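Asker: predicted coordinates and the sequence they were generated for:
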Amino acid sequence: RVSAMAAARGTGTYRPRWAPVEKGKDDKPGKSDPSGRLDGRKQFEMRSAFMKVGAVSRATGSAYVETNNVKVVCGVYGPTSNERTSYSDKGQLSCSFEFSPFAREKRRSRDDEQLERAISLMVEEALTASIQLDKFPKAVVKVWVVVLEGKSGYLGAAVTCASLALADAGIEMYDMVSSISVGIRKEDLLMDPTEAERGSSDFGGSLLLAYMPSLQQITYISQKGTIDSKVAQDMVKLCSEGCSKLHSLMRKCLVEAERKRQAKLAREHSRSNSS
């Protein structure tokens with residue numbers, strides 16, 4: 001993992017394009033939007049997101065996150081007693097990440113297993129700082145993340161989904177963690193780049209951020225490609241803004257789920273009284 005703030009070799013000619021693009025009748029990629037994104041999104045626009053909690057019936061808490069062609073489900077189990085380790089005044093978080101059999105076009109290989117182990121550690125690192133581990137000493141919370149569909153953007157979706165599932169499980173946290181990436185193509189920063197954008201010949205690299213917006217703290221950061229330090233700072237700023245938007249959606253999802261739960265309890269209480 002490479003720090004985004006570390007100085008790296010670059011062209012030194014980058015000029016960030018922060019000016020918002022005005023919407024008009026003839027808005028098309030490459031016309032009103034200088035970034036010319038293939039999926040029609042604006043330069044700093046995230047993919048549309050759908051979130052739901054309670055997706056896994058037998059889990060302590062669970063969540064489902066979908067952002068266009070990326071679909072992730074997560075189940076949280078525990079806290080349960082951790083008999084494998086000696087006594088500790090802090091609990092432990094254990095994360096497992098995997099691709100479903102139908103999430104990848106090619107047959108499962110040893111490379112997939114290595115990638116899953118690596119991403120499991122990344123998700124665990126991104127989430128650990130957000131959890132009040134001292135609330136469950138000598139116990140472990142287990143998190144299982146499964147990618148149902150998606151070729152790119154699944155790491156950020158996995159972190160976001162897992163944090164939402166932890167909140168649904170009632171695990172005490174300092175803040176929820178949301179995650180998103182920003183790429184650079186030529187001189188344009190692109191929020192939440194697609195697989196096609198990442199594979200283009202003029203794609204220079206990307207930066208992924210896991211962030212606690214309420215505390216304004218970064219829990220994980222990774223960079224791919226050689227990116228100038230000034231560009232990296234702009235990418236971190238744009239990622240943090242995207243994470244804040246995702247965080248708002250996460251909060252709305254939890255509030256709506258609680259509203260439905262309370263309404264269900266009220267209906268059940270009303271039926272029991274009437275009978």
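Answerer: Cool, got the structure. Numbering: from 1, shown residues only.
Asker: just the C-alphas of stretch 191-198, formatted as CSV.
Answerer: C-alpha atoms of stretch 191-198 as CSV (Å, rounded to 0.1, in the frame of the first residue of the first chain):
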residue,chain,number,x,y,z
MET,A,191,-15.3,9.6,-9.2
ASP,A,192,-16.0,5.9,-8.8
PRO,A,193,-14.4,4.8,-12.1
THR,A,194,-15.9,1.8,-14.0
GLU,A,195,-14.0,-1.2,-15.2
ALA,A,196,-14.0,0.2,-18.8
GLU,A,197,-12.5,3.5,-17.5
ARG,A,198,-9.8,1.7,-15.5
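Asker: ok, and the closest non-adjacent residue to residue 241?
Answerer: Sequence neighbours aside, residue 44 is the residue nearest to residue 241 in space, at 7.9 Å (criterion: CB to CB, 6 or more residues apart in numbering). C-beta: built from backbone N, CA, C; applies to glycine.
Asker: surely that neighbour is in contact with residue 193?
Answerer: No: Residue 44 lies out of contact with residue 193 (CB atoms under 8 Å); the separation is 11.7 Å.
Asker: what about those two, which has more around it?
Answerer: residue 193 (23 against 20; other CB atoms under 10 Å).
Asker: and the more buried one, what does it touch?
Answerer: Contacts for residue 193 (CB atoms under 8 Å, 6 or more residues apart in numbering) come out as 152, 153, 181, 182, 183, 185, 203, 206.
Asker: where's it relative to residue 158, distance?
Answerer: As judged by CB to CB, to the nearest Å, residue 193 and residue 158 stand 17 Å apart.
Asker: same thing with residue 152?
Answerer: Residue 152 is 12 Å from residue 158, where distance means CB to CB.
Asker: neighbour count: those two, which is higher?
Answerer: Using other CB under 10 Å as the criterion, residue 152 and residue 158 rank with residue 158 on top: 29 against 20.
Asker: once you drop chain neighbours, what's closest to the more buried one?
Answerer: Distances taken as CB to CB, 6+ apart place residue 145 nearest to residue 158, at 4.7 Å, with adjacent residues excluded.
Asker: got a list of what the one you found touches?
Answerer: Contacts for residue 145 (CB under 8 Å, 6+ apart) come out as 72, 73, 74, 95, 96, 97, 98, 123, 158, 161, 162.
Asker: next, it: phi, psi?
Answerer: phi -120, psi 130 (degrees, to the nearest 10).
Asker: cool, and residue 158?
Answerer: phi -70, psi -40.
Asker: that one and residue 264, how far apart?
Answerer: 29 Å.
Asker: so what's the residue nearest to residue 158 bridging to?
Answerer: residue 74, residue 97 (DSSP bridges).
Asker: distance of it relative to residue 60?
Answerer: Using CB to CB, residue 145 is found at 15 Å from residue 60.
Asker: then residue 254?
Answerer: From residue 254 to residue 60 the distance is 15 Å (CB to CB).
Asker: show me where pLDDT drops low in the protein?
Answerer: Across the chain, the ranges flagged by pLDDT under 70 are 1-35, 84-86, 105, 107-108, 275.
Asker: quick one, helices of it?
Answerer: 110-128, 154-168, 195-198, 229-274 (DSSP state H).
Asker: most tightly packed of the ones you listed?
Answerer: The highest mean neighbour count among the helices of the chain, using mean count of other CB atoms under 10 Å, belongs to helix 154-168: a mean of 28.
Asker: show me what that one is packed against.
Answerer: For helix 154-168, the packing partners by 3 or more CB pairs under 8 Å, 6 or more residues apart in numbering; DSSP states H and E come out as strand 49-53, strand 61-67, strand 70-81, helix 110-128, strand 139-149, strand 178-185, strand 203-212, helix 229-274.
Asker: make JSON lines from those and add distance to residue 197 to it.
Answerer: Listed next are these as JSON lines, based on distance: least, CB to CB, whole Å:
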{"stretch": "strand 49-53", "distance to residue 197": "18"}
{"stretch": "strand 61-67", "distance to residue 197": "14"}
{"stretch": "strand 70-81", "distance to residue 197": "14"}
{"stretch": "helix 110-128", "distance to residue 197": "20"}
{"stretch": "strand 139-149", "distance to residue 197": "18"}
{"stretch": "strand 178-185", "distance to residue 197": "6"}
{"stretch": "strand 203-212", "distance to residue 197": "6"}
{"stretch": "helix 229-274", "distance to residue 197": "14"}
